[in-house]
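> Output the structure for:
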Amino acid sequence: MDKHQNAKDLIPIKKTCALVITHHPDEKLITLLNSLGEQVTEILVVDNGSKKTASTVFNDAKVVPGINLIENSNNLGVATALNQGFKWAQERGYQWMITFDQDSQPEGNFVKQLCSTWKVIDKKKDIGIIAPQILDANLGKKSLFLRRRFSMIYERVGCQDTVLEDVTYVITSGAMVNTQIAEEIGGFREDFFIDYVDTEFCLRARKHGYRILVACEAKIHHYFGERKHIRWGPVDFYPSFHSPERWYTMSRNRIPMILTYGLKFPHWFTYEIVATGYILLRMLLTEDQKGAKLGQFLRGTWDGLRGRMGPPYWAKEEK
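Okay, the predicted model is just below:
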């Protein structure tokens, strides 16, 4: 990517496409595709092994203008699907790709708001990812974003203005990524499969000198597991109720993340340690299947320390 592009250049919508990754989708996918079909020229759906369970949904999706479909026979993981999507976009000459989860729902003229943010950015050099403001679809809460304060000290901040700059990482859903970055820095880590795929890509992009910002006027509703509000004594908790299987991949992938990026981004390392302790305590206090989730937390941590990466055991059992 040309890091010295003309600061007056804008992001044309015709140079932007959308990617939606699916795994056993429901009718919310059609709502998302219909919205995107009115905003971008082409949409690519990469399905991970849904097979016959999603046939009706995909039949309905085919009537959406500009729709394209790649059907993987098995669940190859989020990272592989992302790499397939970016290769497809690069081959068609798209400069930017906006990635979505199957059940995320953008508000209003989402794509236009992301693209028009380019006009109000003072320093356009080296911007690799423009992400939206995230609204928790279960609770309606606005997400906070991680930023470095100094050294090992971090801060979590929300949108206060039009643009929030120098963000450490963002989730992939709703994020607009320059397609050449994936090629330049090596794409998404397929051995992660799921969990930390987006964080790892963001930290690697930052390591290569690219910046990440949030377009505060572009809003998307995103599901963080089955998050609920639970009051435990005088304290409010918002547990995600992820499955034991997800506890395995989160715990496993956390280890190489810390080993790779802990020293490079010490503020992120501090946050990761604090957040891990908090979500573990929160799970033990408020969630069900405590024993199974704690067991998968330990199993995943052990496999991460041993370097046992790639498709997790539960994905292999799906075949």
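> quick one: contacts of the longest helix belonging to the chain?
Secondary structure of the chain per DSSP state H: the longest helix is helix 266-286. With C-beta atoms under 8 Å, 6 or more residues apart in numbering as the test, helix 266-286 has contacts from 146-154, 156, 168-169, 203, 230, 232, 237, 239-240, 247, 254, 257-258, 261-263, 290, 293-294, 297. Bear in mind the C-beta positions are built from the backbone N, C-alpha and C, glycine included.
> Just the ones in helices from these, please.
Short answer: the contacts of helix 266-286 in helices (DSSP H) are 203, 247, 254, 257-258, 261, 290, 293-294, 297.
> Tell me which residues touch the residue nearest to residue 193 when sequence neighbours are not counted, please.
Of all residues not flanking residue 193 in the chain, residue 77 sits nearest, at 3.7 Å (C-beta to C-beta, 6 or more residues apart in numbering). Counting by C-beta under 8 Å, 6+ apart, residue 77 makes contact with 48, 190, 192-194, 197, 311, 315.
> Identify the residue with the minimum pLDDT among those residues.
Within the set of those, pLDDT is lowest for residue 315 (86).
> quick one, what contacts that residue?
Contacts of residue 315 (C-beta under 8 Å, 6+ apart): 75, 77, 193.
> Let me know the pLDDT of the residue lying closest to residue 109 once chain neighbours are set aside.
Excluding the flanking residues, the one nearest residue 109 by C-beta to C-beta, 6+ apart is residue 39, at 6.8 Å. Residue 39 carries a pLDDT value of 94.
> now swap in residue 318 and tell me
68.
> Partner strands of the strand ranked longest in the chain and their direction?
Under DSSP state E, the strand in the chain containing the largest number of residues is strand 211-222. The pairing partners recorded for strand 211-222 under DSSP bridges are strand 105-106 (antiparallel), strand 127-136 (parallel), strand 163-164 (antiparallel).
> thinking again about what came up before, please identify which of the contacts of residue 77 is nearest to residue 90.
residue 190 (17.0 Å; C-beta to C-beta).
> most remote residue from the protein's center?
Relative to the centre of the chain, the most outlying C-alpha is that of residue 233, 32.9 Å out, by C-alpha atoms, centre = their mean.
> So that residue versus residue 285, what's the distance?
Distance of residue 233 to residue 285, computed by C-beta to C-beta, to the nearest Å: 9 Å.
> Also residue 58?
Where residue 285 is concerned, residue 58 sits at a distance of 41 Å (C-beta to C-beta).
> neighbour count winner among these two?
Higher neighbour count among residue 58 and residue 285: residue 58, with 18 against 14, using other C-beta atoms under 10 Å.
> Distance of the more buried one relative to residue 24?
From residue 58 to residue 24 the distance is 11 Å (C-beta to C-beta).
> Residue 283 too?
25 Å.
> Those two: which is more packed in?
residue 283 (21 against 14).
> Surely residue 184 and residue 208 touch.
Yes - Residue 184 is within contact range of residue 208, at 7.1 Å (criterion: C-beta atoms under 8 Å).
> re the thing from before, please convert the contacts of residue 77 to a markdown table, extending it with distance to residue 174.
Shown next, in a markdown table, are the contacts of residue 77 (distance: C-beta to C-beta, whole Å):
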| residue | distance to residue 174 |
| --- | --- |
| 48 | 19 |
| 190 | 22 |
| 192 | 20 |
| 193 | 21 |
| 194 | 17 |
| 197 | 15 |
| 311 | 26 |
| 315 | 25 |
